[in-house]
Every structure is written in structure tokens, then in C-alpha cells.
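Engineer: Sequence below, structure please.
(chains A and B)
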Amino acid sequence: MKLNSLTLKATIDKLKAKEISHADLYKDVHDAIAEKNGLLNIYLSLDPTAVTKAEALLDTPLAGAPIAVKDNFLTVGLETTASANVLKGFKPPAESHVTTKLKAAGGVIVGKTNMDAWAHGSSTETSDFGPTKNPRNPEYLPGGSSGGSAAAIAADLAVGALGTETAGSIRQPASWCGVVGLKPTYGRVSRSGVIAMASSTDSPGPIGKTVEDCAILLTHIAGKDPYDATTLPKPVPDYTAHMRDGVKGMRIGICYMDHPQLKGTDVDRAVTKAGKVFEALGATVEVVPLSKTLEKGKILTPDYAIGVYTVVQRSEVSSNLARFDGIRYGNDRSFFAHEALNRIMLGTFTLSKGYADKYYVRAQQVRTLYRQNFAELFGTYDILLASPSPGYALAAGASSGDPLFGELQDMLVEPSSLVGNTGISVPCFTDPKTNLPLGLNIMGDQWQEEKILKAAYAFEQATDWNPWAK
Amino acid sequence: MNTYEPVIGLEIHVELKTKSGMFCGCPADHFAKKPNTGTCPVCLGLPGALPVPNKKAVEWTIMLGLALGGTIAEVSKFDRKHYFYPDLPKGYQISQYDQPLCRGGKVSTSFGDVRIHRVHLEEDTGKLQHATVAGKKVTLVDFNRSGVPLVEIVTEADIHSSEQAKEFLKKLHQIVRYLGISDADMEKGSMRLEPNISIRKVGETGLPNYKVEVKNINSFRFAAAAIDYEVKRHTVILESGKVPAQETRGWDEAKNATVSQRSKEEAADYRYFPEPDIPPLRFTKEYIDTIKANMPQLPDAYKKEIKEKHGLNDNQAKVLSEDFGKMKLFKDTVSLPSVSQANISGATVANWIINKVPDTSGVTPTYLADQIIKSKQVTQVDDSVLVSAIDQVIAENPKAVADFKAGKEQSKMFLYGNVLKRLAGKGDKQKVMELLVGKL
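Structural biologist: Next comes the predicted model:
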């Protein structure tokens, strides 16, 4: 058995038990990278000294396990570009809070993974350094923007990975690549040292082979950061501690499957079937009807979220990208590619005098409606089930020419992301014809990571969709 | 020709002297430091760097708001103000837009009250230096000042003369110095002035339909000169039937005139929106009350106190309280045990500071006290010496004595001066006056 195909948990256990060596483990990882990276274009840069670093870390919680990190985390000594030509050659003078914590816990960065440039997209096709392919079927997209990290896990090119999500950027690629991805509550994991996309929704989080792997990684990257004023000083539990507690008595609502775009699709069938799995495990499951207006006991249609998210995100993007002027580092603004320019233009427009009230302020008002809606629903339900994406991975090239490609792909996660809620995607189906998977999006209220992990773990154990979980 | 009345509002920027920056740990003291030595990823606007607000700066801004009699917001927030300029590393300045820390308040002047519109907190920018390097003209950026806490005070358009503007500015300067929140050193640029000037016909009450902003003035005198210059300029334009252009001007020291910098028609749209990296600030009543309770004494209160406690006259109290350095030297000197032991009165200390210490920098209270005590010891002479000197002067100047008795007050001073001359600097002057008046 190739050691790169181990889960993070198994890797740590076997390293600590001295059943395997760091040298063998990293050899298998690097062999796999050498074999597959040419085709899949997952890693933008690699750390050749990773194995040496790992060998010194046996006594740490992560024992020197090889982790893939999305290229928007600042890493000292490793080029950090956010897959954008503007930052080509940029060597950060400071390390991100999350990778600092990861390293302190004994994680070793194998390399930096490809992404949509500046995290603008849901395909990893907008990378300035070429698209990443889906390891499950290279004719298809891996999703994005954390497509490289999800693909690294799917292709066994690392045993754990870090991504970031503003709305879907962890869960959608996890879903399309058949791995597990967790989007933490906004403010649970620090954004400092992460190249900002949409500051009010950016949430760094883990991507792993199993629910347990994500729980382990989250435990080591979460927490208050004095350099990120939006993180809260809430204690960080061991997220694996209650993972096995089961879902008996849990109140679960199924959302969005009565949306005209989903009704009768494989997604609808897979999510509805997942509901039955939870029922069999002792949970109470019911359908939460879709509503076009804010109504008690109903879920507000995600249709509005596309507009709200687009306005909020483009506004923040236009502001966050203003600093890239080429004076202190990097290349000048002529190096921005089409997608970034598009977003800067739109965001500049929505913040402009005379238009801000019509777009930005209005979007914030609708955002408040979503907040009220979820607050009410989480008074009734422990978790909500949906899908991270309206369907399977799309064919390579599908994103080109569609300026709202990402927004349409991410519409099912946009409402909860705008609100800052947590969610996890676990494999819940595979199309035998294409080998393409679907993910189940288990959503929780803010700070309810333990609850969604409990449900996700129970589902993973009760079904056969995740081969690593066996 | 019509008679016009100036309508002036002021915007004043004051750099706070906190230890660290507005949103990072870099030193806030940037003056005369080697360029780009006090910087970090946050104030350089590097990717991934996030701002964390400086609690002290927020507290001090609230304190200033309270000192000006304003209302502190229960909920406040920071906003991003966007414009591209090489000294602004993020492409936006973190400032406050629609929820400033403080609204309202006023400062009284002898010409009438000047209402405060708002007081808000923001970050300073870097500095551009135009230089020649290797024969090439270049513009260099020094980011040491980037991210230094900056308070902006905006007044209502309540000022109607350059004299009033000057008086207001001096008072504000004193308040800031008394609070100890800034050196407000004009030469170092830690207090910068921007008058917004327009004029209207006397008798009209509304705001004129134009205004001219004069940017970044670094002295009260220049502010007054710029106002006077603008008022004259506007008068000529209005008299010719035109309206002065809405624009931003600068004060040219060499020309002693304002010069056009930027027309307001091309003014930037700053695309303000709430800073997502900083959660809104909420203040409890207890928090505000604590700041209020710990607020240092302000000039007016101090003036009252030194008059009552140390028996100073109006003029002494005024001179001392108008200059923070003099006030502090006075306060520290009178509280020295050596001063009270030597029986030196507050009036004596006040007179010494007013007459003999033109510049208080470098003068310590102990040094001043020593000087006063020494002079007193040197001139300590027996009362009989004083009496005999007085007797001689009275004998030699019968006309002056007669004049005094006839009610001519000046004659007393003439006799007093002659006694002092005879004593050649010896003796307690106050005692001399007492004895002289007694003899007369």
C-alpha cells in the first residue's frame, strides 16, 4: 500500500507507532506528485525540505504529516501568489496565523496548491497558472476556488489540506472531488496572513479524506488570533471528542430540494436519501419548505443570495485588490487578468456614490433577512441538509465566458456563508458512469462545528460513499 | 460695494502620541526617523495583513470629544475611504464615515461659540519625498507615518474672522495639550489645519453656494493669513458678478498667497463602506464615565483653580494657562516641598515663569525652584536696611511724595523704583513696597 493514500489519522498513528517512517511517507507523496501533477496541475510550488522538517516533528500532535496548503496562505520561504500573476515571485515576509498554528502542531507544508486567481471562481480555471483537473475524472473541473487543495486530497498528493471559503470555495470542490471539506464559522479561524478575497465572509478551513481528518485539522487551526479582530476568544474544543456521539434525537431539516433547479435531480435524490439515513440513525428529519419571502418555518430561497453575495463580494474585492499597486511588492495592476478586472469594475460600481444605496446597502439589508431566517430555523433544527452545489462537477472549460459561473454554482451555500454559519461537505453519491461524486452539505448554526461533525461522522460511517472512512 | 462676512469651518487633524500605531504595533513616533524603519505588514498594506484598532487611541478620541462637550456614540465603526495615491499603501484609508466616535460640542471664543460638528479617528498616510537619486528625479515613499493614529475635528461654519479662527485654534491646541493626547506640534506636522472658506453678504444667513478648502496649513498665523487672503479674493470675484470656484487650495509661504491645487469637480468619490476587518465598536455608559472621570483638567478649569488656590491675578493665570509648558512648570514647581519650605508664593513662581522663562523646554521644576530660592537668599537683608533706604528716598524727593499724597499713583512707582535702585537688587521687592506705602 502506498503511504500517501493513508488518512491523516492513520498517518499520525502509524508514524507515532513507528510502523512507517517519514522518509517512506514523503517518498510516496513525492512519487505521486511526480506522477500526477503534470496532468492535474495541483501544486504551484513544493517544499523540497518537507521531509527533513517532518522528521523532527514526530512528538507533535500531527507528527509531521504532509499537508497541502492553498496558495492564498502566506508562507515564509514558499512563493505565495494566490494563483495571480500580479504576485508572481512574491515571498511573504510573514507567515499566516493558520499555517503558523499548523506548523506548531506538527503539520508540514508539502506545497502550495492551485486555486482560482485571488479565489475568484468555483472552477480553478481562472488561475493565472493554468487550470487544475479533477482527479476523479480529468475531463472535469475540480471546482473551486480551493480546487487544488481538494484535488490534492482526492489524488492522494497529501494526507490533509487547507483551503479557504467565502461561499462554497471549500465545500463545492470537496463535493466535486469526493473528499470532505469543512467551512468553519466566520471568526472561528483567523484570516490574518490569508490574502483577502471577501473580508466579511472569508473562512479558512480544512479539507481532508475523512470527517475525522477535518476535525483533527480544525482543532489545530481554530481559535482567537490577536491579529484578526474578527476572531472570537471562544475556547477551542478537541473537535474529535464528540464526533462519535451519534445523531439520535437530532432534529434535522432538508432544504432547497424543492427548488425548481434541483427537484428530481440526482442531487435531490442523494440528499433525500441522506435524510433517510439519518432517520434510520434515530434523528427526526423533515423537509423545510422553500419560500420567496421571510416566513416562519420556511427557508428563504437562495435565488436572492446570488445578487446579494455578488454585490457584497465584488465590493469587498474591489477594495481588497486596491493595495496591489506594484510599489512595495509584486507586479503592477496591468497584470490583473480578466476575472479580477471584471470584479474590480463591478465592485467599484456598486460602491460608487449614487449606486451604493441601490446595491451595497440593499444587499446588506437582504443579508439581514437571511440572518433572521437562519436564526429562526436553527431554533427548530440542529442541522440543515442540502447540497454544496446544484450538481456534479462540470466539464473542463465550462466556466469560461460566464461571469456569474461561480455564483450560480455556489447559490446553495451563499445564504449561509453570508450569515457566517458553518457547514461540512461529505461524499453522498457517485455516478458510476463518470465516477463523479456528489457531496452532502451539512449546515450548522454559528459555532456549531461539533454538531455538524457529529452528523457528518455518523453519515460517513453509515454509508459506503467515502472509501477512506472504512 | 457690498459688505461681506466670512463663513468659515475648520477641519483639524491631530496625530495622537500613543505608543503604537492605529492598527498595528509599530511606533507611532515617526518624526525624524530613518525612512521605512518603523513599518510592518499592516502599515505597509501587505497582502493578508489585518488592522486591529488601538484601544488607547479610541479612548483618547472619546476623551477629546468629551472635553469639547460632545456626545459619544454608543455604537461606532470604521469605514474604508478609497483613493489611489502612492503614500496610501492599501488603496484605502481606514477612517470613520457615518458613525464617528463623537458628535457635537463647542469651544467658546470671545467672538462667540464655535460648534463642533464631529470628532473621528482614522490613520495617517505615508509621506512622499521628491528627491534626486543618481541624477534622476524620483519620488520616494516613507511609510513610517503610515498608520499613525489621527484624530479629525470638524467644526460647523461658525467662524466669521481670521482672528476668531486663530483664537479657536489656540484653544483647541491647548485642550489637546492639556489632555496629553498629542504634542500637537505644528512644526512636526502633528497638528494640521484646513479652513473651509466662503463669504456671504452681511445680513444673509444661509451657507454660501460654494466653498474653498485650504489644505495642510501648519501654523495658526498661516491659517489666519490664508483666510484673510481668501476673503479678499472671494470679495473681488463676487463683486465682479461671478462665484469663486469650488476648489482645494494650498498655502504658499513664499508667495504669501493661496494657490489652486485641485478643482472639486474632479473630486474623488471615496466609495466608503464599513471596514469588514474591524467589528463595530460598542461603548457602555460605565466605560465613557470612566474616561470622563480620568480626564485631565482643562485650561479653563485650571485657570480658575490657580487663581483661587495660589492667589494669582487674571493676567498671570491667563498667561500660564494659555501655554501648556508654562502651566505644567508652574504646577510642578509650586508643589515642590523646597518651594513651600522657603515660603515662596505662587505669585512669585508665576512671575518668574512669565518674566524669566520665555522657553520652558529644558527647564525643570527643581532648577526653577533653586533659582528662585537662591535669588531670595542673596537679597535677604535686614528690614532696617530697607527702612533707611526708603527714608533717604523720601527725604530726597519731597515733590514726588507730595504728588502721591495728592492722589498721583505714578509717583509711588517712581519712589519705589528709586528705593530699588538704591538697594541695588537686594531685598524682597514686595516687602519694599509694603514698607514704602506704610511710610508714605
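Engineer: near chain B, which residues of the stretch 1-150 of chain A?
Structural biologist: Counting by Cβ under 8 Å from any Cβ of the partner chain, the residues of the stretch 1-150 of chain A lying close to chain B are A:74, A:80, A:82, A:87, A:90, A:92-94, A:96. For the C-beta atoms, the positions are set from N, CA and C on the backbone; glycine is no exception.
Engineer: Check the spacing between A:P173 and A:A151 real quick.
Structural biologist: 7 Å (Cβ to Cβ, to the nearest Å).
Engineer: burial measure for B:K376, as a count.
Structural biologist: 14 (other Cβ atoms under 10 Å in any protein chain shown).
Engineer: Over to A:N41?
Structural biologist: 22.
Engineer: Any chance of the backbone angles for it?
Structural biologist: Backbone torsions of A:N41, given as degrees, to the nearest 10, read phi 50, psi 60.
Engineer: Pull the distance from the helix or strand containing A:G406 to the chain's centre.
Structural biologist: Using DSSP states H and E, A:G406 falls within helix A:405-409. On the basis of Cα atoms, centre = their mean, to the nearest Å, helix A:405-409 sits 15 Å off its chain's mean C-alpha point.
Engineer: coming back round to it: redo the residues of the stretch 1-150 of chain A next to chain B as a markdown table? Include neighbour count, pLDDT and secondary structure.
Structural biologist: As requested, the residues of the stretch 1-150 of chain A next to chain B are exported to a markdown table (neighbours: other Cβ atoms under 10 Å in any protein chain shown; pLDDT from 0 to 100; DSSP: H, G, I helix; E, B strand; the rest coil):
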| residue | neighbour count | pLDDT | secondary structure |
| --- | --- | --- | --- |
| A:L74 | 28 | 98 | coil |
| A:T80 | 28 | 98 | coil |
| A:A82 | 32 | 98 | coil |
| A:L87 | 24 | 98 | helix |
| A:F90 | 20 | 96 | coil |
| A:P92 | 23 | 96 | coil |
| A:P93 | 12 | 95 | coil |
| A:A94 | 19 | 96 | coil |
| A:S96 | 28 | 98 | coil |
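Engineer: related to what we said a few turns ago, after the helix holding A:G406, next one along is what?
Structural biologist: helix A:414-419.
Engineer: Buried ones in that next one, by neighbour count?
Structural biologist: Across helix A:414-419, burial judged by 16 or more other Cβ atoms under 10 Å in any protein chain shown covers A:414-419.
Engineer: and B:A226, what is it in contact with?
Structural biologist: By Cβ atoms under 8 Å, 6 or more residues apart in numbering or on different chains, the residues touching B:A226 are B:195, B:197, B:214, B:217, B:251, B:258.
Engineer: Please name every helix or strand in contact with the helix or strand containing the third one.
Structural biologist: Assigned by DSSP H and E, B:V214 falls within strand B:212-215. Using 3 or more Cβ pairs under 8 Å, 6 or more residues apart in numbering or on different chains; DSSP states H and E, the elements in contact with strand B:212-215 are strand B:191-201, helix B:220-239, strand B:247-252, strand B:257-263.
Engineer: Export these to JSON lines and append columns for distance to A:E279 and mean pLDDT.
Structural biologist: Below are the helices and strands packed on strand B:212-215 laid out as JSON lines (distance: least, Cβ to Cβ, whole Å; pLDDT from 0 to 100):
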{"stretch": "strand B:191-201", "distance to A:E279": "68", "mean pLDDT": "97"}
{"stretch": "helix B:220-239", "distance to A:E279": "76", "mean pLDDT": "96"}
{"stretch": "strand B:247-252", "distance to A:E279": "69", "mean pLDDT": "93"}
{"stretch": "strand B:257-263", "distance to A:E279": "68", "mean pLDDT": "87"}
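Engineer: Helix or strand: which one has the closest residue to A:T348 other than its chain neighbours?
Structural biologist: Ranked by Cβ to Cβ, 6 or more residues apart in numbering or on different chains and with sequence neighbours excluded, the top spatial neighbour of A:T348 is A:S318, at 4.7 Å. Element membership for A:S318 (DSSP H and E) is helix A:303-320.
Engineer: buried set for that helix?
Structural biologist: So, applying 16+ other Cβ under 10 Å, buried residues of helix A:303-320: A:304-320.
Engineer: again, but for stretch A:52-61
Structural biologist: Applying a neighbour-count criterion of 16+ other Cβ under 10 Å, one finds A:53-54, A:57, A:60-61 buried in stretch A:52-61.
Engineer: Which members of the residues you listed are positioned in helices?
Structural biologist: Using DSSP state H, the subset of the buried residues of stretch A:52-61 located in helices is A:53-54.
Engineer: who does the host helix or strand of A:T272 touch, helix- and strand-wise?
Structural biologist: A:T272 is part of helix A:266-280 when elements are defined by DSSP H and E. When contacts are defined as 3+ Cβ pairs under 8 Å, 6+ apart, helix A:266-280 packs onto strand A:251-254, strand A:284-287, strand A:383-386, strand A:422-431, strand A:436-444, helix A:449-462.
Engineer: Now do the fifth one against helix A:266-280, angle only.
Structural biologist: Put plainly, it is strand A:436-444. In terms of direction (axes from the mean of the first three to the mean of the last three Cα atoms, to 10 degrees), strand A:436-444 departs from helix A:266-280 by 50 degrees.
Engineer: Summarise which helices and strands strand A:436-444 is packed against.
Structural biologist: If you count contacts as 3+ Cβ pairs under 8 Å, 6+ apart, strand A:436-444 packs onto helix A:171-177, helix A:266-280, strand A:383-386, strand A:422-431, helix A:449-462.
Engineer: Now residue 305. Nearest residue, chain neighbours left out?
Structural biologist: No chain specified, so I'll use chain A. Computed as Cβ to Cβ, 6+ apart, the closest residue to A:A305 that is not its neighbour in sequence is A:E414, at 3.8 Å.
Engineer: Please refer instead to chain B.
Structural biologist: Leaving aside its sequence neighbours, B:E305 sits nearest to B:Q297 (Cβ to Cβ, 6+ apart; 7.1 Å).
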